[in-house]
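**Q** Next come a sequence and a model predicted from it.
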There are 2 protein chains.
Amino acid sequence: MIIDCHGHYTTEPAAFMSYRKAQIAHFEDPSSPAPAMADISDDEIRESIASNQLRALKERGADMTIFSPRASGMGHHVGDEKMSKTWTRLSNDMIHRVTQLFPDNFIGVCQLPQSVGVPIENSIEELERCVLELGFVGCNLNPDPTGGMWKGLPLTDRSWYPFFEKMVELEVPAMIHVSGSCNPNFHMTGAHYINADTTAFMQFLAGDLFSDFPDLKLIIPHGGGAVPYHWGRYRGLADMMGKPRLTEHVMRNVFFDTCVYHQPGIDLLFEVIDVDNILFASEMFGAVKGIDPETGHYFDDTKRYVDALDLSEADRRKVYELNARRVYPRLDRALASRGL
Amino acid sequence: MIIDCHGHYTTEPAAFMSYRKAQIAHFEDPSSPAPAMADISDDEIRESIASNQLRALKERGADMTIFSPRASGMGHHVGDEKMSKTWTRLSNDMIHRVTQLFPDNFIGVCQLPQSVGVPIENSIEELERCVLELGFVGCNLNPDPTGGMWKGLPLTDRSWYPFFEKMVELEVPAMIHVSGSCNPNFHMTGAHYINADTTAFMQFLAGDLFSDFPDLKLIIPHGGGAVPYHWGRYRGLADMMGKPRLTEHVMRNVFFDTCVYHQPGIDLLFEVIDVDNILFASEMFGAVKGIDPETGHYFDDTKRYVDALDLSEADRRKVYELNARRVYPRLDRALASRGL
């Protein structure tokens, strides 16, 4: 089977987004009406998925998406902790409904109720709810809840440790994924996303997080940001800093997805990164929705690029299925319980 | 001939760095001794270059380096405008002395006296001094004088325009190069440098700077940050944003260097970026100084990677010489006046 490890619910019913608008407006001006979530029917959700992600998933020949709320919608830099918690619960509940309506094709990963200056411990309750009650298999962890201002501390700082402890206990990985950018220097999908990927990797390289958490598993999306292209730089920096080789120091715990939207990029990814560290993904529909005039195919139809690689059947199966089942053990168990 | 367009004076005499330390200490505590620059002899400078950059340049088979002060030393986020101006003048004067001692092998590019919150117009005087009096052929422009805090405005903002006007008038390009990072999230050479490259490119993509400055030339170092690896993403984003194709919209004015420290990265760079937009460079000695255990050669000996490409002689000459002479017209004229 073919598992896409990186999909967001970017086709939410309009009423859902209207709630968020009203929530922000009410926060900014408490005299404006309190937000109220309209009833959203199963049919509306079904339609928003069937005609979009599910259609494309089937057309492109994949089977299942590891699905989470819209990344730009997380908005951890907006509002306060209470507002973030409410919004996060609602967002995760929507994902849960999708997974209930399409259990064969979607499995949940949760957004976290992070907020500027709020300890990450406060996100544990929602992680536990999603994993233990809603059957989710992972989470998206925002390394910069300040939305492009980067006012927090690196992921290797001990302040993050209580959350990592809980992740290991629950056997769930995190995808390191920022949300929107309120910094005018950083375009969201063209700079902030990619910078965050590169930044997180370098934090892991410079630190020693995985000595403390040998079982922690983290996915860096968008093909690892700039890292594979500069793999020599990172190998050299590790050497200069007296770190073990990256294969031991970082790559036992860190995985890259295949959200790289052209063949030469995917070729490079597979040339320099061990196939055990690569998880198939498209982030469909995400940053780049159009058709590449050079190929006539969608930029984000990453399966075409992976299919074009000269991989053995065993390696192909790792990238499409087995690596995801290894990194997300709860996904593996859910599939196994269905005889898959 | 072979021109390396990206080298910093990272082997400065100790007395020079001692001055900087004293300058910062005096700024932070005015009761500490005022900084005084020790006499640095020509022999000291000659030795610092001959045994280092010049030796490696010759060993590796190149002829000339476009040379500028240490990037991490610019420190635009440190001190105030007066201090930055003094330090910048001294730094550029050191480069001038190197170019006078080794006129066949080094030509100058200047640091600018940028400071947080200070208009970029105030950097014009030093640019003119370096170009018109010291024979420099370009400058390093810091897109984030706040040192990783990114509190300023994008390079496409009109506040930068007076400086771009002067650059065009003087016929000098700028390399977009940040300095040190005071943000604990961003490792300097492993995250801040690469992020800044990616960020600048995306600013140019999202903006329309080159309609206003069709003759402006900018070099994005470190192989263009993450951009070539994600070239499909950027082509797709330009398409989604209704921009012309990148070849017209950005790549008439923007050039990437070859500071990518492994063969697969260089291969990708040349696969996706037009050879007219690539300038040979090593940033020797810079971020990565060691020997790659996989090849037995220095990571930053980028000439080996370029030599290994299957380029025509005409294309090779573009990358090694002609593109640099086109992007730096004052370099071209200086060489031509010597019959080169």
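**A** Yep, it's here.

**Q** can you pull the pLDDT of residue A:154?
**A** At residue A:154, the predicted lDDT confidence score is 98.

**Q** Let me know the secondary structure of it.
**A** coil (DSSP: H, G, I helix; E, B strand; the rest coil).

**Q** Is it in contact with residue A:205, as I believe?
**A** No: Residue A:154 is beyond contact range of residue A:205, at 11.0 Å (criterion: C-beta atoms under 8 Å). Yep, even glycine has a C-beta here, placed from its N, CA and C like the rest.

**Q** Name all residues that make contact with the residue in the stretch 1-150 of chain A positioned nearest to chain B.
**A** Per C-beta to the nearest C-beta, residue A:150 is where the stretch 1-150 of chain A lies closest to chain B, at 4.8 Å. Contacts for residue A:150 (C-beta atoms under 8 Å, 6 or more residues apart in numbering or on different chains) come out as A:144, A:199, B:148, B:149, B:150, B:183, B:185, B:186.

**Q** which residues sit in contact with residue A:182?
**A** Residue A:182 makes contacts with A:77, A:147, A:148, A:149, as judged by C-beta under 8 Å, 6+ apart.

**Q** ok, so what distance separates the residue of the stretch 1-150 of chain A closest to chain B from residue A:263?
**A** According to C-beta to C-beta, to the nearest Å, residue A:150 stands 33 Å off from residue A:263.

**Q** try residue A:313
**A** Applying C-beta to C-beta to residue A:313 and residue A:263 gives a distance of 20 Å.

**Q** Show me which of those two is the more surrounded one.
**A** Using other C-beta atoms under 10 Å in any protein chain shown as the criterion, residue A:313 and residue A:263 rank with residue A:263 on top: 20 against 7.

**Q** And for the more buried one, nearest residue in space, chain neighbours not counted?
**A** Excluding the flanking residues, the one nearest residue A:263 by C-beta to C-beta, 6 or more residues apart in numbering or on different chains is residue A:305, at 5.0 Å.

**Q** Residue A:21 versus residue A:44, what's the distance?
**A** Separation of residue A:44 from residue A:21 (C-beta to C-beta) stands at 18 Å.

**Q** In a markdown table: the contacts of residue A:150, plus pLDDT, distance to residue B:236 and secondary structure.
**A** As requested, these are exported to a markdown table (pLDDT from 0 to 100; distance: C-beta to C-beta, whole Å; DSSP: H, G, I helix; E, B strand; the rest coil):
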| residue | pLDDT | distance to residue B:236 | secondary structure |
| --- | --- | --- | --- |
| A:144 | 98 | 24 | coil |
| A:199 | 99 | 23 | helix |
| B:148 | 98 | 29 | coil |
| B:149 | 98 | 30 | coil |
| B:150 | 98 | 25 | coil |
| B:183 | 98 | 29 | coil |
| B:185 | 98 | 28 | coil |
| B:186 | 98 | 27 | coil |
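
**Q** between those residues, which is closest to residue A:135?
**A** residue A:144 (28.5 Å; C-beta to C-beta).

**Q** Beyond the longest helix anywhere in chain A, next helix or strand please.
**A** Across chain A, the longest stretch assigned as helix under DSSP state H is helix A:81-101. Downstream of helix A:81-101, the first helix or strand assigned by DSSP states H and E is strand A:106-108.

**Q** mind saving the C-alpha coords of the following helix or strand past that following strand as CSV?
**A** Downstream of strand A:106-108, the first helix or strand assigned by DSSP H and E is helix A:124-128. Output in CSV follows, covering the C-alpha atoms of helix A:124-128 (Å, rounded to 0.1, in the frame of the first residue of the first chain):
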residue,chain,number,x,y,z
ILE,A,124,0.1,17.3,26.5
GLU,A,125,-3.6,17.1,27.4
GLU,A,126,-4.7,17.6,23.8
LEU,A,127,-2.0,15.2,22.5
GLU,A,128,-3.3,12.5,24.9
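
**Q** circling back to that earlier point, among the contacts of residue A:150, which two are most distant?
**A** Taking C-beta to C-beta as the measure, the contacts of residue A:150 span a maximum distance of 13.9 Å, between A:199 and B:149.

**Q** quick one, strands of chain A?
**A** Ranges of strands within chain A are A:3-9, A:64-69, A:106-108, A:139-141, A:174-176, A:218-220, A:254-257, A:278-279, based on DSSP state E.

**Q** where does the closest residue to residue A:23 other than its chain neighbours fall, phi/psi-wise?
**A** Using C-beta to C-beta, 6+ apart and skipping the chain neighbours, the partner closest in space to residue A:23 is residue A:35 (4.1 Å). Per-residue torsions, residue A:35: phi -70, psi 140 (degrees, to the nearest 10).

**Q** surely residue A:35 meets residue A:27?
**A** No: using C-beta under 8 Å as the test, residue A:35 is too far from residue A:27 to be in contact (9.0 Å).

**Q** What separation is there between residue A:337 and residue A:103?
**A** From residue A:337 across to residue A:103, the span is 11 Å (C-beta to C-beta).
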